[in-house]
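# Kindly generate the corresponding structure for this input.
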Amino acid sequence: MQVLRSPVLLHLGLLLLEAVAPIFSLIVPKFQFKGANKRGIPVSRDPAALLAKYSDPLVYTVPIRVRTGHEILRISSYLLHNLKKVTVPFVVLHGTADRVTDPLASQELYTEAASRHKDLRLYEGFLHDLLFEPERDEIAADIIGWMDRTLGLQAV
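Have a look, this model is predicted:
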């Protein structure tokens, strides 16, 4: 059983990026691209929640490393080519105003997956970090409700 919040499923249309990512990943795996972070992109509509989040020393706020970026691209490509093989129960939660990951990728996962027990929740106008949005209690209740329903179905 999986609960996915704004999953990263990238459409790899950038051939140059696909070609150079493995090379740079081997040569300079720890190099960090300054433009490859979420800084400046709104991820929640709740400023107080964002302040709390980014004040947490466990929250990674620096640019991602080349190797990490390459692995994200690699696994995203694999997932996009294997969506029909997904059979575990899952729910995908995504804000429609998310500018970090594409809500259409969540729709594609939901449509293509072979899972019998799957659900897609699109939250109109919500951003990327759903559990930091003002309606976080509603989202948490949706997750718990889905788990209760799904576990009940599996017990039968």
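
# longest helix in the chain, by residue count?
Using DSSP state H to assign secondary structure, the helix with the most residues in the chain is helix 136-155.

# Tell me how many other residues surround the nearest residue to residue 32 once chain neighbours are set aside.
In this structure, residue 32 finds its nearest non-sequential neighbour in residue 63, 4.2 Å apart by Cβ to Cβ, 6 or more residues apart in numbering. Just so you know, the C-beta spots here come from the backbone N, C-alpha and C atoms, and that holds for glycine as well. Counted by other Cβ atoms under 10 Å, the residues lying close to residue 63 total 17.

# so how far is residue 54 from residue 63?
Plainly put, residue 63 is 15 Å away from residue 54 if you go by Cβ to Cβ, to the nearest Å.

# State the number of residues packed around residue 69.
A count of neighbours around residue 69, defined by other Cβ under 10 Å, yields 20.

# Roughly how far does it sit from residue 134?
In this view, residue 69 and residue 134 are 31 Å apart by Cβ to Cβ.

# got it, and residue 43?
For residue 43, the distance to residue 134 equals 13 Å [Cβ to Cβ].

# do residue 146 as well
21 Å.

# neighbour count winner among the two?
The residue with more neighbours, out of residue 146 and residue 134 and counting by other Cβ under 10 Å, is residue 146; that gives 19 against 12.

# Surely the more buried one and residue 119 touch.
Yes: taking contacts as Cβ atoms under 8 Å, residue 146 lies within contact range of residue 119: 5.9 Å.
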